[in-house]
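Asker: kindly generate the corresponding structure for this input.
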Amino acid sequence: MTITLRPHHLLCLLTYVGKGYSPAFVAGYDRIVARLNAGEEIEITAGPDDICAPIACDLKEHCHGPSVISRDTRAARDVGRLLSTDIAPGARLTLTPEITAALRTAFATGDIRSACPGCEWESLCTTVAKDGYPDVRFRPPVA
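Answerer: Purely as a prediction, here's the structure:
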């Protein structure tokens, strides 16, 4: 199986500590993280993805809005530049420990955070990164 993710969720995963919009959202996110921790592949998608699923049925939710689509564009550009790959719908990616370490380093230094301003989770993510990612739930498998 493959997990669908929109580009900005590649950033959100880096600092996910079990907080979210609702208990159902957190439970769904935890299931996705468990799959990623087992080494499952990601397919980049446009618009709502597997993380959005618990709230995406409500068309008023932010996951359908232009600000989030703009966040996806900026995250795809930043992550693609860092990884030297095209982060576009249909692209496939496995978040290995090496890729995750590179992403977390670039996130902590601000190099891939152009998608973050205006996000309600920005200060939490900044703190998690500044503290060295101590309680994050996404931990890719070591081969």
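
Asker: please name every helix or strand in contact with the longest helix that the chain contains.
Answerer: The helix that spans the most residues within the chain, counting by DSSP state H, is helix 66-83. Counting by 3 or more Cβ pairs under 8 Å, 6 or more residues apart in numbering; DSSP states H and E, the packing neighbours recorded for helix 66-83 are helix 7-15, helix 97-109. From N, CA and C alone the C-beta is placed, and that goes for glycine too.

Asker: now what about the shortest one, what contacts it?
Answerer: Taking contacts as Cβ atoms under 8 Å, 6 or more residues apart in numbering, the residues outside helix 7-15 that touch it are 5, 33, 36, 42, 44, 49, 51, 68, 71-76, 79, 87, 93, 95, 100, 103-104, 107, 112-113, 115-116, 121, 124-125, 128-129, 133, 136, 138.

Asker: next one: stretch 115-134
Answerer: 7-8, 11-12, 14-15, 17, 19, 67, 71-72, 74-75, 78, 104, 107-108, 135-136.

Asker: may I see the buried residues of it?
Answerer: 115-116, 119, 121, 125-126, 128-129, 133 (16 or more other Cβ atoms under 10 Å).

Asker: shouldn't Asp49 be in contact with Arg6?
Answerer: Yes - Asp49 is within contact range of Arg6, at 4.6 Å (criterion: Cβ atoms under 8 Å).

Asker: dump the C-alpha coordinates for stretch 119-137 into CSV.
Answerer: The C-alpha coordinates for stretch 119-137 follow below in CSV (Å, rounded to 0.1, in the frame of the first residue of the first chain):
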residue,chain,number,x,y,z
CYS,A,119,-0.1,28.0,10.2
GLU,A,120,-1.7,27.6,13.6
TRP,A,121,0.8,24.9,14.5
GLU,A,122,3.9,27.0,13.6
SER,A,123,5.0,27.8,17.2
LEU,A,124,4.6,24.2,18.3
CYS,A,125,6.6,23.0,15.4
THR,A,126,9.3,25.6,16.1
THR,A,127,9.6,24.5,19.7
VAL,A,128,9.7,20.8,18.8
ALA,A,129,12.5,21.4,16.3
LYS,A,130,14.4,23.8,18.6
ASP,A,131,14.3,21.1,21.3
GLY,A,132,15.7,18.5,19.0
TYR,A,133,12.5,16.6,18.1
PRO,A,134,12.3,14.7,21.5
ASP,A,135,8.8,13.4,21.5
VAL,A,136,8.0,13.1,17.8
ARG,A,137,6.0,10.1,16.8
